[in-house]
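*Asks:* fold the following for me, if possible:
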Amino acid sequence: MSHCTSSPRGRGQAAASVLLVLLIAASQTGATPPAPLAHETKAVLRRISANSLRGHLSFIASDLLEGRGTPSRGLDLAAEYIAAQFRRAGLEPVGDDGYYQTAAMLEIGPKGNGFEMTIEDGRRRISIAHQQITPRFHNALQISGAAIYKVDPADEAAMEKLKPEDVDDKVVVTAAPDFSGLADASKFREFRTLLRTLKRVNPKLTLMLTLDGLEELSTRLVSPEGEHSSGSMIVVRSPEALKWYESLRNGATEATTLTLHLSEPAEDSVKLRNVIGLLRGSDAALANTYVLVTAHYDHLGMKPEGPGDRIYNGANDDGSGTVSVIEIANALASLQPRPRRSIVFMAFFGEEEGTLGSLYYSRHPAFPIAKTVADVNLEQVGRTDATDGPKISQATFTGYDYSDLPRVFRLAGALTGVRVLSDRPYGDSFFVRSDNAPLASQGVPAHTLAVAFDFPDYHKVTDDWRKIDYDNMAKVDRMVALGVMMVADNPQPPRWNEADAKTEPYVKAWKEHHKQ
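*Replies:* Modelled structure (predicted):
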């Protein structure tokens, strides 16, 4: 390591070099730093404090809220708290009920009376109990001795050739990939292709076999309008059925039949709420365009039974993102003048049930999708003890190369001492696993920012507020706040990277919304 003495001239040259780097970075991203070294900007960022974040999270992730399951009383209490904090910050309420965007949904469950599901192949008879299934529809269904057709998600060539007549009057049986832990991107591509194929060929019924269930498909929450329906599909959690499935060859099976008697399921109406507050922009034209800052405020609720702690407090996942939205909103609300674009702060319900809240918002937006220029979604920003090593003074964007939005935050990170990284080695798999995905599917440049993608207490009752690194979270939140200011003040909106083939569906959706 070499050593050198410092001089006023040397310090001046170093400062000029840093400024040159920032100007080059800004020109490449189209971002103009909003005088980041100015006293006023630093004063706004200093409003984000570790103690304030700790105070918010010690309530949001407390036992009183019982894990904020969707739906639950604890989730409703969390929504009330978030709305109170938006009110305190002076944000405008923009929901259909004050700060709340309400979603009427149905919670369904199969009736045990008269239920029967059996698979027979001449050698064995597999019986499925009603507790092992989740129907993705809410009507009665009677099937007697229907032929079975296996669709393997890993065989994309076979799925491409599959025609509706191949599965006419047959029951398709397939399997959900294992999404536990850091699943690789290929599994998500396979699964998306599978769902598109099933929609195209429209079989009589699909059995989706899985060991542990898949949140988006295993939720018992559905829209009365069928918006969240996956077609005529039943998720089946049966090790015996999954073992039988693995023994089948792809395509039509011989002498294998399904019998199903499913009565109309029980239904309960539930009301769920996204929480939305608006910081209106200062520019006469750009105030009608919107930058979203989002997180989900739900978690897994409680274990139904068992000794010891049964509450999934969800401090890092995603209480940390929720309180960060609150804290950033409070800081940016003090800006004078306000940013040119309007900033929307939003907490979603039901992410753990398959991004239900963000899906609902994407289909019922409070502001036009065509006028929504970006979404920065915050997930798991509180823990630094990731399973693949400590994450101090750094954060990672999913789909980093999909748009130029993350590069604005890399510049903000250079100004606040936070390294903003691409999503390697996580690939693009996490891009479709959080609340940014429904908005991206509508064409909005939307990414999720995380500090620790996988940490020791992920989806465990031990994800406690006392384990959060609050000083680091405050530092990351200051970077996010500065990046949001830069996006909101830039007359050029973020753009998708059309050179990346993975962005094709997002670019197509963006163009649909921006037709002249």
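*Asks:* skip the chain neighbours and tell me the closest residue to the residue most central in space within the chain.
*Replies:* For the chain, the residue nearest the mean C-alpha position is Ser434 (1.6 Å; Cα atoms, centre = their mean). In this structure, Ser434 finds its nearest non-sequential neighbour in Thr448, 4.3 Å apart by Cβ to Cβ, 6 or more residues apart in numbering. C-betas here are computed from N, CA, C, even on glycine.
*Asks:* one more: Phe59?
*Replies:* Distances taken as Cβ to Cβ, 6+ apart place Tyr81 nearest to Phe59, at 6.3 Å, with adjacent residues excluded.
*Asks:* picking up where we left off before, contact partners for the residue nearest to the centre of the chain?
*Replies:* His296, Glu351, Thr355, Asn377, Glu379, Thr398, Thr448 (Cβ atoms under 8 Å, 6 or more residues apart in numbering).
*Asks:* make TSV out of those residues and add distance to His39 and pLDDT.
*Replies:* Below are the contacts of Ser434 laid out as TSV (distance: Cβ to Cβ, whole Å; pLDDT from 0 to 100):
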residue	distance to His39	pLDDT
His296	35	98
Glu351	38	94
Thr355	40	92
Asn377	31	98
Glu379	32	97
Thr398	34	94
Thr448	32	96
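*Asks:* packing partners of the strand or helix carrying Met479?
*Replies:* Taking DSSP states H and E as the definition, one finds Met479 inside helix 470-489. Here helix 470-489 touches helix 39-46, helix 50-60, strand 290-296, helix 320-332, strand 342-348, strand 372-378, helix 405-416, going by 3 or more Cβ pairs under 8 Å, 6 or more residues apart in numbering; DSSP states H and E.
*Asks:* quick check: chain neighbours aside, which residue is closest to Gln85?
*Replies:* Take Gln85 and drop its neighbours on the chain: the residue closest to it by Cβ to Cβ, 6+ apart is Ile326, 4.6 Å away.
*Asks:* how many other residues sit next to that neighbour?
*Replies:* Neighbour count for Ile326, taken as other Cβ atoms under 10 Å: 28.
*Asks:* how close does it get to Phe59?
*Replies:* As judged by Cβ to Cβ, to the nearest Å, Ile326 and Phe59 stand 11 Å apart.
*Asks:* repeat that for Gly95.
*Replies:* Distance, Gly95 to Phe59, by Cβ to Cβ: 22 Å.
*Asks:* these two: which is more packed in?
*Replies:* Legend: neighbour count by other Cβ under 10 Å for Gly95 and Phe59, higher for Gly95 (18 against 15).
*Asks:* is the more buried one in contact with Ala366, as I believe?
*Replies:* Yes. In terms of Cβ atoms under 8 Å, Gly95 counts as a neighbour of Ala366; the distance is 6.8 Å.
*Asks:* mutual contacts of the two, please.
*Replies:* By Cβ under 8 Å, 6+ apart, the residues touching both Gly95 and Ala366 are Gln101, Ile276.
*Asks:* just the pLDDT at Asn113, thanks.
*Replies:* pLDDT, Asn113: 69.
*Asks:* just give the number of residues close to the residue lying closest to Arg54 once chain neighbours are set aside.
*Replies:* Using Cβ to Cβ, 6+ apart and skipping the chain neighbours, the partner closest in space to Arg54 is Tyr470 (4.9 Å). Tyr470: 19 surrounding residues under other Cβ under 10 Å.
*Asks:* shift numbering so it begins at 444
*Replies:* Noted, 444 is the first residue going forward, which turns the last one into Tyr913.
*Asks:* distance of Tyr913 relative to Pro849?
*Replies:* 24 Å.
*Asks:* cool, Arg692 as well?
*Replies:* Per Cβ to Cβ, Arg692 is found 44 Å from Pro849.
*Asks:* and if you look at Ala924?
*Replies:* For Ala924, the distance to Pro849 - Cβ to Cβ - is 16 Å.
*Asks:* I'd guessed the residue nearest to Arg497 sits against Val824; true?
*Replies:* No. Tyr913 is not in contact with Val824 according to Cβ under 8 Å; the separation is 10.9 Å.
*Asks:* report the distance from stretch 766-783 to the chain centre.
*Replies:* Stretch 766-783 sits 23 Å away from the centroid of its parent chain (Cα atoms, centre = their mean, to the nearest Å).
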